[in-house]
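K.L.:
Give me coordinates for this.
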Amino acid sequence: MKKYIITSNKYSFCLDGLQKQMDKYWPSNEFTILGFKKPKVKLNKNFNFELLGSNLSDNTPWYKAITPYFEKINEEHFFLAFEDHFLIDFVNVNLFNEGADIIKKDKTIGKIRLLPKYNKIDSKIIDYNENF
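P.N.:
Residues are numbered from 1 along each chain as shown. Down below sits the predicted model:
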């Protein structure tokens, strides 16, 4: 499953810390950084950058910037996060795969949220099982 990280020009400096956290808590993975211009931060070998479009910028609503990109990829399922979504512990790969299996088995499910519920809006999120 491909792993994508969205960045903006304004917050691309976060990629320095994000790479450290990803390599520490989710090692041996490849990540694709999607953005409006190549970040000034040096990218590790397992991080590559792809331009979302030369006509896009931080002023473009994020969903309008990424939708054309994701409509063109071949992956049926993928991991998506923003550059400020730092890991704070090791990724439980078994739970990650369980979430992916839920999506694969039920085509009506568009995404599995990996974050815990923490406010009233989140209380409207559907529970799929005791883990998600």
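
K.L.:
got a list of what the nearest residue to L18 once chain neighbours are set aside touches?
P.N.:
Once flanking residues are discounted, L18 sits nearest to E83: 5.6 Å by C-beta to C-beta, 6 or more residues apart in numbering. Every residue, glycine included, has its C-beta placed from N, CA and C. If you count contacts by C-beta atoms under 8 Å, 6 or more residues apart in numbering, E83 has them with 5-8, 11-12, 14-15, 18, 33.

K.L.:
how close does K10 get to P68?
P.N.:
21 Å (C-beta to C-beta, to the nearest Å).

K.L.:
what does L34 give?
P.N.:
Where P68 is concerned, L34 sits at a distance of 11 Å (C-beta to C-beta).

K.L.:
where's E50 relative to D127, distance?
P.N.:
Separation of E50 from D127 (C-beta to C-beta): 34 Å.

K.L.:
of the two, who's got more company?
P.N.:
E50 (11 against 8; other C-beta atoms under 10 Å).

K.L.:
Please name the bridge partners of that one.
P.N.:
Each beta-bridge partner of E50 is listed here, defined by DSSP bridges: L34.

K.L.:
I33 is in contact with that one, correct?
P.N.:
Yes - in terms of C-beta atoms under 8 Å, E50 counts as a neighbour of I33; the distance is 7.1 Å.

K.L.:
which residues do the two both contact?
P.N.:
What both E50 and I33 touch, as defined by C-beta under 8 Å, 6+ apart, is an empty set.

K.L.:
related to what we said a few turns ago, sort out for me which of the contacts of E83 are in helices.
P.N.:
15, 18 (DSSP state H).

K.L.:
Show me where the chain has its strands.
P.N.:
Using DSSP state E, the strands of the chain run over residues 2-6, 31-35, 47-51, 78-82.

K.L.:
K72 is nearest to which of those strands?
P.N.:
Closest approach to K72 among the strands of the chain is made by strand 47-51 (11.0 Å; C-beta to C-beta).

K.L.:
So for the closest one, what gets flagged as buried?
P.N.:
Neighbour-count burial for strand 47-51 flags 47, 49 (criterion: 16 or more other C-beta atoms under 10 Å).
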